[in-house]
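*Asks:* here is a sequence together with a model predicted from it:
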Amino acid sequence: MDAHTEMVIEVATTLDADELHDLYGSVGWTAYTRDRTALADAIANSTHVVTARNGAELIGLSRGLSDDVSIFYLQDVLVRPDWQHRGVGRLLVQNCLDRFLHVRQKVLLTDDMTSQHRFYRAMGFDDTQDMGLHAFVQIAGLEQVN
């Protein structure tokens, strides 16, 4: 991080569709970038959205959905590649966890990448395989994502 710039983590109020598209595209999440309207709607309909900015540049985002009682689902955590491994993702996730501290279950699905597993374990998440639990999902269009 440049000594003259200050990264800011904040709860998002409104986000520009172009900057969202650019951020999601920077990490290769093409399933999100195919439809700008759907991406903007997904963000707008989220319970909690947190951004990281370096000046005006959107460098990271996390978002989740919750009933604010029993379940919080951490949906997206993404940081521009040139800002990864600087603690940005940790700050974004921690903001979400702090906001939903009182909620019993905090859930996320992630890719099968060792680095992601290490990150989420370090953030206090456990793999359901280690707990004797099973997670079941239906994901429409998954064959198109890969």
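*Replies:* Yes, it's here. Residues are numbered from 1 along each chain as shown.

*Asks:* and Gln94, that's in a helix?
*Replies:* Yes. Remark: Gln94 belongs to a helix, assigned using DSSP: H, G, I helix; E, B strand; the rest coil.

*Asks:* Val88 versus that one, what's the distance?
*Replies:* For Gln94, the distance to Val88 (Cβ to Cβ, to the nearest Å) stands at 11 Å. For every residue, glycine as well, the C-beta is placed using N, CA and C.

*Asks:* more neighbours, the two?
*Replies:* Comparing Gln94 with Val88 by other Cβ atoms under 10 Å, the one with more neighbours is Val88, at 23 against 16.

*Asks:* ranges for the helices of the protein?
*Replies:* Taking DSSP state H, the helices of the chain run over residues 17-26, 30-33, 36-44, 88-99, 114-122, 142-145.

*Asks:* most packed of those helices?
*Replies:* Ranked by mean neighbour count under mean count of other Cβ atoms under 10 Å, the helices of the chain are led by helix 88-99, which reaches a mean of 19.

*Asks:* packing partners for that one?
*Replies:* Counting contacts by 3 or more Cβ pairs under 8 Å, 6 or more residues apart in numbering; DSSP states H and E, helix 88-99 is packed against strand 7-11, strand 48-54, strand 57-66, strand 71-79, helix 114-122.

*Asks:* would you mind giving those as CSV with mean pLDDT and distance to Arg99 added?
*Replies:* Converted to CSV, the helices and strands packed on helix 88-99 look like this (pLDDT from 0 to 100; distance: least, Cβ to Cβ, whole Å):
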stretch, mean pLDDT, distance to Arg99
strand 7-11, 94, 8
strand 48-54, 97, 5
strand 57-66, 97, 8
strand 71-79, 96, 8
helix 114-122, 91, 17
